[in-house]
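Engineer: mind folding the following:
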Amino acid sequence: MTATPIRNEFLPDQLMSLPIYNIEWSNVSPVRLTHQRIHKNFESVVTNVCLSHIRKEKEGNAYMFYNSVKAIIKTIKNLKKIVNITHEDIKIICANNSDNLKLIQTCLGKEFTIGKAHDTTDTRTRVINFVTSCAFEGTDIYDTDGVTYIISDGNKVHAKLDISTQVSQIVGRIRNSTYNNEVFLLWSSSPIDNCISEDEYRDLLRIQEQEALNTIAQLDNSTQTIKSAVRKDTLNNPYYIDVSTDTEIKVIFNTVATKALMNNYVGLTKTYNVRNNESTSTGVVATLRDIFTDASMDNDWFSPLSGAGKLKLGKVASFKDVCLDYAEALLNKDQTTIDLIESDPDYQELVEFVSIYGVDKLSAVSYQKSKIIAEIDKYESHKESTTCISNSLPFKINNVYTKADIKIEIQNFYDKHGIKAKAKATDITKWYDVKLTKLNNKDAYKILNTK
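Structural biologist: The predicted structure is shown next:
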C-alpha cells in the first residue's frame, strides 16, 4: 500500500500485473502552501527562518526538509555564530553513514550526531530539525509543535525536482503536528525552466539515462579515481545505485529511476491551496507548475538576515539595516548587539549621531550614512561657532544681566563683526543656557552655561 499517487504507466515492471485498488480517505483537511522564491541571499533567508523559531518570533519547532548535508552544516555554523545554540537544540536527520557522520562532526564538533526521524529512546523535541531525502518518504515524525519547511535550492534539474516535486510526500510527514494544515516552500530557481512540457522532460531523462548506462558500462575498465567519483555521484544521481563492498567499488543502474522521476514530475500538476501576498487566509488554488512558472505568484514572506546578523557572520551589511538593529538594540537593552555595532569602526558616525540626536531622528536622515555625517558636521560647526561667539561676548557664568544691557552688548558684537542684524535680548539663548530673573526690578537673565 502506498499513499503516493502513481500513474499506472510509471509503476515498476514487477507491479504491472497486480490488481490496483483505490482507497478513499474521509475527514481529510486541506493543506495551505505558503511559498517564496528566493532570488538572492538564499542561505541568509534559511538561517533567518531558523532564528525566528529560536527567538520564539515564530511558533513551533522548525523542520527544514533540506536535501544537502553540506548546506545544513553551513546553516548550523551560521546559527552558532549569531545565537547561543548547541547540539541539544538541533537534530540532523540524514543517511546514517560514516561519511555523513565524519563531515558533521568535523565541521560542527563531536557532540553533533545523526538523529532518527522517530527515536523511541529519545523523545525530546528540538527547536530546529533538518531532514534530508532519507526521510522524505516512508518515515513517521512525531512532534505536536512541528512546522514544515521545504527548502529547494538545487543546481541540477533532477536535484531540484527531487524535493520540489515530493511536496505531497513531505506534507503530513510530521504525523501529529497541530501545524499540519500549512507547509512553507522556499525555492531559488525553477526546476522546470528548461523543460516545460512532460514530453520535453521525458526526453531530458532519456539523455541522462543513456549517459548513466554508458558510464556504468565503462566503469570496470576505469581508473580508481573515476570509480570513486562515480560512487560519490550516487548521492545525487538517481540513476546510480551504490552496491560497493569493502574491497570493490561497484555501481549498478537504477532501472526504475526514470519512472520515479516522471511520476514526481507529474506531481507538478497536483493542486494546493496556495497563499500569496494578496490572497486571503484560505489561499488560491494552484499547482506547483503555476508556482514555478508564474512570476506574479512571487511572495515576500521571509527576509534575509538583518544588519547585525550579517555583521556577526563577518559579512557586509546594509547600513540602513544596521541603523534599525542598533535602534532596536538600544530600545531592548540588547547589550551584545550594542557592543557589536559600537565596536565596529564602520559605524562610529552612527553611534555619534545617536548620542547627539537620539534614535528618533534616524528616520529623518533616511538611515543614510552621508546624511548622518552631514548632520554631525553641521552640529560640530554650530558648536564651534557657538563657542567662538560666547568667548567674544562679555557675559560670565552665574552672573545676572538686564535684558537692556544684554541687547546693547550683542548689538556691539554684531556691529564689530559686520553682522547686519538688529539685536534682541533673546539672542543670548543661541549661545548660552539662561534663566529668566530680575535685577533691580528689571527683567534680566542669569547665565547658567555655554551651549
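Engineer: give me the low-pLDDT residue ranges for the stretch 301-450 of the chain?
Structural biologist: The stretch 301-450 of the chain contains residues with pLDDT under 70 at 383-384, 386.
Engineer: ranges for the helices of it?
Structural biologist: 307-312, 319-332, 335-342, 348-357, 369-392, 403-416 (DSSP state H, counting those that start in this stretch).
Engineer: same list, those helices, but as TSV with distance to Lys40 and mean neighbour count please.
Structural biologist: Yep, even glycine has a C-beta here, placed from its N, CA and C like the rest. Putting the helices of the stretch 301-450 of the chain into TSV (distance: least, CB to CB, whole Å; neighbours: other CB atoms under 10 Å) gives the following:
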stretch	distance to Lys40	mean neighbour count
helix 307-312	13	21
helix 319-332	15	18
helix 335-342	24	16
helix 348-357	25	16
helix 369-392	22	13
helix 403-416	59	16
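Engineer: ok, which of these comes nearest Ile85?
Structural biologist: Of all the helices of the stretch 301-450 of the chain, helix 307-312 sits nearest to Ile85, with 12.7 Å by CB to CB.
Engineer: packing partners for the closest one?
Structural biologist: helix 42-54, helix 69-82, helix 319-332, helix 335-342 (3 or more CB pairs under 8 Å, 6 or more residues apart in numbering; DSSP states H and E).
Engineer: those into CSV, with extra columns for distance to Lys250?
Structural biologist: Below are these laid out as CSV (distance: least, CB to CB, whole Å):
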stretch, distance to Lys250
helix 42-54, 36
helix 69-82, 23
helix 319-332, 52
helix 335-342, 53
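Engineer: which among the ones you listed is found nearest to Ser17?
Structural biologist: Of all these, helix 69-82 comes closest under CB to CB, at 39.1 Å.
Engineer: and this protein, what are its domain boundaries?
Structural biologist: 31-191+270-297, 198-253, 310-383, 395-450 (automatic domain parsing).
Engineer: and those domains, which is most packed in?
Structural biologist: Mean neighbour count (mean count of other CB atoms under 10 Å) peaks for domain 31-191+270-297 among the domains of the chain, with a mean of 18.
Engineer: distance between that one and the chain's centre?
Structural biologist: Put simply, domain 31-191+270-297 sits 13 Å off its chain's centre (CA atoms, centre = their mean, to the nearest Å).
Engineer: what is the mean pLDDT for it?
Structural biologist: For domain 31-191+270-297, the mean pLDDT works out to 86.
Engineer: so the nearest residue to Pro30 once chain neighbours are set aside bridges to which residues?
Structural biologist: Nearest non-adjacent residue to Pro30, counting by CB to CB, 6 or more residues apart in numbering: Asn273, 5.4 Å away. Beta bridges link Asn273 to Arg32, Val285, judged by DSSP bridges.
Engineer: Asn273 contacts His35, correct?
Structural biologist: No - applying CB atoms under 8 Å as the test, Asn273 and His35 come out as separate, 11.4 Å apart.
Engineer: any idea how far apart the tips of stretch 308-324 sit?
Structural biologist: Distance across stretch 308-324, first residue to last, is 9 Å (CA to CA, to the nearest Å).
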